[in-house]
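J.: Coordinates only, no sequence provided:
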């Protein structure tokens, strides 16, 4: 006799769509909504109180710091790429200044 197990919650927040739109689309919506609702740390005060106000607008509920970011995460992958490039250029300039002295 086969053991019957209870069904798990596969659909997460996309369960509101029911059987509509397909499995892959519901999975992608669930993934992006999990990222959007995750806890993020404020760059000013260090508290894990960042919440999404609107599309690309994020605010810390502790220090009221409001800033623009990605649609679903405060720092988008493109933003992180630009930060790395800027830091590399700064390091190169500092190295040139140090060798010129």
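T.: Cool, got the structure. Only a predicted model underlies this, so the values are computations on that prediction, with no experimental measurement involved.

J.: how many other residues sit next to residue 47?
T.: 15 (other CB atoms under 10 Å). Where you see a C-beta, it was placed from the backbone N, CA and C, and this is true even at glycine.

J.: and it, how far is that from residue 36?
T.: Residue 47 sits at a distance of 18 Å from residue 36 (criterion: CB to CB, to the nearest Å).

J.: ok, longest helix in the chain?
T.: Longest helix in the chain, counting residues (DSSP state H): helix 77-100.

J.: what's in contact with that helix?
T.: Helix 77-100 has contacts (CB atoms under 8 Å, 6 or more residues apart in numbering) with 69, 70.

J.: any idea how far it is from the chain center?
T.: Offset of helix 77-100 from its chain centre (CA atoms, centre = their mean, to the nearest Å): 24 Å.

J.: Pull out the buried positions in it.
T.: For helix 77-100, a neighbour-count test (16 or more other CB atoms under 10 Å) marks nothing as buried.

J.: My guess is residue 67 contacts residue 58. True?
T.: Yes. Contact status for residue 67 versus residue 58: in contact at 5.8 Å, counting by CB atoms under 8 Å.

J.: In terms of packing, which of those two has more residues around it?
T.: For residue 67 versus residue 58, neighbours defined as other CB under 10 Å are more numerous around residue 58 (20 against 15).

J.: which ones are touching the more buried one?
T.: By CB under 8 Å, 6+ apart, the contact set of residue 58 is 40, 50, 51, 52, 66, 67, 68, 69, 74.

J.: again, 6 Å this time
T.: With contacts defined as CB atoms under 6 Å, 6 or more residues apart in numbering, the neighbours of residue 58 are 50, 52, 67, 69, 74.

J.: And for residue 26, the neighbour number?
T.: Residue 26: 21 neighbours (other CB under 10 Å).

J.: And residue 40, by the same measure?
T.: Neighbours of residue 40 (other CB under 10 Å): 20.

J.: Just give the closest residue to it, not the sequence neighbours.
T.: Taking CB to CB, 6 or more residues apart in numbering, and ignoring the residues beside it in sequence, residue 40 has residue 50 as its nearest neighbour in space, at 3.8 Å.
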